[in-house]
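Colleague: Predicted model follows, preceded by the sequence.
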2 protein chains.
Amino acid sequence: MSVRVALDAFGSDECPAAELEAAVIAAREGIDVALVGDAEVLATGLEALVGEGAHGLPLRIVDAKERISMDDSPARAIRSKPSASMPVCFDLVKQGEADAVVSAGNSGAMLACGLFKSGRIKGVDRPAIVSAFPTRDGQCCMLDMGANAECRPLNLVQFALMGAVYARVRQGRPRPRVGLLSNGSEPGKGTSLTRAAHALLEEAQIAELEYLGYVEGKDVFAGDVDVAVTDGFTGNVALKFVEGAMGLVSHLLRDSVDARLVRKVGAMLARPAFVALKDHLDPDSYGGAPLLGVDGVVIICHGGSSAVALANGLRQASNFHDGGLTSEVAQSLAAHGALMQAAKDTE
Amino acid sequence: MSVRVALDAFGSDECPAAELEAAVIAAREGIDVALVGDAEVLATGLEALVGEGAHGLPLRIVDAKERISMDDSPARAIRSKPSASMPVCFDLVKQGEADAVVSAGNSGAMLACGLFKSGRIKGVDRPAIVSAFPTRDGQCCMLDMGANAECRPLNLVQFALMGAVYARVRQGRPRPRVGLLSNGSEPGKGTSLTRAAHALLEEAQIAELEYLGYVEGKDVFAGDVDVAVTDGFTGNVALKFVEGAMGLVSHLLRDSVDARLVRKVGAMLARPAFVALKDHLDPDSYGGAPLLGVDGVVIICHGGSSAVALANGLRQASNFHDGGLTSEVAQSLAAHGALMQAAKDTE
């Protein structure tokens, strides 16, 4: 049976147009998509997009009149708008009518839905958002990218295990190289948080991953690690700095009015390469950021996601479901009970 | 009287050649430079570099046989090698024979020398390393870049004041716009540390700066703030992520073997613009990172600094001495005793 994904049709900035198009792309590839949102609007939109062509596709519409906006307070929104498109997606999974959720809506509300509707995998203290950075020869995934601004050593240790499972399932790395993000590679560097997590990970000698100790940005982009572990505050700040720097480079290349002609021509010619690179640097373009540690496949897409990005999110959901990501995470955590206890004992 | 700078001649990776060249460049501009290091080696090097030309320049050599290496433990090194070139630079300031110190050596040892030899400005809890990022129309300075991996709200508040003084002295901003780095702009974001600092800065309504609340990487690079305040762990990680991303972009542009010809040609032509940009993004190329909060002008240059970067560091030292950076910082902190007390009371 093919995977069934609940897609929040009123999540992205371009909703529901981007979601409708993404759903059609994914459905044509055999992914069963439930479009969740205002049924009338969605039926009209689907008709306009593919007309009669929709009939043969594994597509259905699930009505949900309300919508959680980007401005809504996450915790309040999921209580006050239980029948909004996003929480209804999670209800479908709960009722056994879908296997995964994809949304480009309010990411805080996605986290809240993941926590309170999907629930955490047994043994997981805090779920984490995982994203990926391009490297010289592939990708490095990093977590947490913002779900938990404040973390304990236990959380970082669990992120290392979950990130390694993710790199195995997603990139096929048999024994992912895992590093702990720090302000220098020497063991004396870091904070009390990173030093405690470092001691635990080094002591544990985890068979299914290669722990490399402290790493920095250069190691991430050089491709020296497959997984970079950090707290959600640092991860989020680092991601946004890179995005900001790339935006500046793009702006300066475009607007380098005082550059010599050869530079101007060069910049113009290089723009396609640069735009491709910028897309490559943008986690969006290859889908979304999974929420690891909740009981089910949950993909958080960027609000500005295009139909292509959302379609990639649907494919990701399908791959992670088929790859058994959730059960692999559960197994990994269950296998390291002693390490979890040691982490709790440090507090 | 012109400023007198003590230059650690055995700091950089290319020492003492880079330091000798930098000293000659600065001395020709009227900066009085004391080259500190092995006198014999320095005299021979200077002779080879400028021959008789050195006689008219405000250059002198101060003998210091030992050297603190990059691998030395900072705290131990300044105790076990008191007569190494770096601590001798600070001794010259202490003895009234120099006004400022510049070194591209072990930055931890520079911090330790700053703390224990220069001492902190009255009222300063922790000195901070300040660096600058390029923006669309200028620069945004950021602190702390790594001196203090763990901070208290008091430290962030002091960094805001010191950063504002720095932006005034360096960039001539009468009322610098100051932001607090966070994982989102909403006040509910951040950590207990940033929320406490935010409440203090918002409440204080500091006349000499415009406090803009939480900012992210995009605000920094767009030039929406003049000063970005953060703890040394986050600042250092963010800086190294940007450096790593720029390194990757540079690598990919160079080695895009599978790119279409037009892209390849474009990338080749754009390289000068890109290299210029990369230099611009590299804090090194415009000097070093001042250590703010110590009693004296202290400039920490990158280990890989070229002679040009070191000469810029010497110019910076001269400008900050002439601009009264240290006394301005002292005055600013003295003027905000109530805020400091409020910050301490939150703990």
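Modeller: Received the coordinates, thanks. Numbers count the residues shown, from 1 in each chain, chains lettered A, B, ... in the order given.
Colleague: after the helix or strand of chain A with the lowest mean pLDDT comes which helix or strand?
Modeller: When the helices and strands of chain A are scored by mean pLDDT, DSSP states H and E, helix A:261-281 comes last with a mean of 56. Scanning forward in sequence from helix A:261-281 by DSSP states H and E, the next helix or strand is strand A:289-292.
Colleague: Give the helix, strand or coil label for the closest residue to residue A:111 other than its chain neighbours.
Modeller: Using Cβ to Cβ, 6 or more residues apart in numbering or on different chains and skipping residues adjacent in sequence, the residue nearest residue A:111 is residue A:147, 5.3 Å away. Just so you know, the C-beta spots here come from the backbone N, C-alpha and C atoms, and that holds for glycine as well. Here residue A:147 is coil, with the state taken from DSSP: H, G, I helix; E, B strand; the rest coil.
Colleague: My guess is residue A:147 contacts residue A:127. True?
Modeller: Yes: with contacts counted by Cβ atoms under 8 Å, residue A:147 reaches residue A:127, the gap being 6.0 Å.
Colleague: The residue nearest to residue A:111: what's it in contact with?
Modeller: Residue A:147 makes contact with A:111, A:126-129, A:232, A:291 under the criterion Cβ atoms under 8 Å, 6 or more residues apart in numbering or on different chains.
Colleague: Most neighbours of all these, which one?
Modeller: Comparing the contacts of residue A:147 by number of neighbours (other Cβ atoms under 10 Å in any protein chain shown), residue A:128 comes first, having 32 neighbours.
Colleague: Run through the stretch 1-150 of chain A and note the low-pLDDT ranges.
Modeller: Counting by pLDDT under 70, the ranges of the stretch 1-150 of chain A that qualify are A:1.
Colleague: What parts of it come near chain B?
Modeller: Selection of the stretch 1-150 of chain A residues close to chain B by Cβ under 8 Å from any Cβ of the partner chain yields A:73, A:133-136, A:146, A:149-150.
Colleague: about what we covered before: overlap in contacts of residue A:147 and residue A:127?
Modeller: A:111, A:291.
Colleague: Backbone dihedrals for residue A:57, please?
Modeller: phi -90, psi 150 (degrees, to the nearest 10).
Colleague: what's the neighbour count on it?
Modeller: By other Cβ under 10 Å, 18 other residues sit near residue A:57.
Colleague: Say whether chain B is contacted by the strand or helix carrying residue A:200.
Modeller: Assigned by DSSP H and E, residue A:200 belongs to helix A:192-204. Yes: residues of helix A:192-204 contacting chain B under Cβ under 8 Å from any Cβ: residue A:192.
Colleague: which other helices and strands contact that helix?
Modeller: Contacts defined by 3 or more Cβ pairs under 8 Å, 6 or more residues apart in numbering or on different chains; DSSP states H and E place helix A:192-204 against helix A:153-171, strand A:177-181, strand A:210-215, helix A:337-345.
Colleague: And these: which comes nearest chain B?
Modeller: Smallest distance to chain B across the helices and strands packed on helix A:192-204 (Cβ to the nearest Cβ): 6.0 Å, for strand A:177-181.
Colleague: avg pLDDT for that closest one?
Modeller: For strand A:177-181, the mean pLDDT works out to 98.
Colleague: Likewise for stretch A:288-304?
Modeller: Mean predicted lDDT for stretch A:288-304 stands at 93.
Colleague: List the buried residues for it?
Modeller: For stretch A:288-304, a neighbour-count test (16 or more other Cβ atoms under 10 Å in any protein chain shown) marks A:288-303 as buried.
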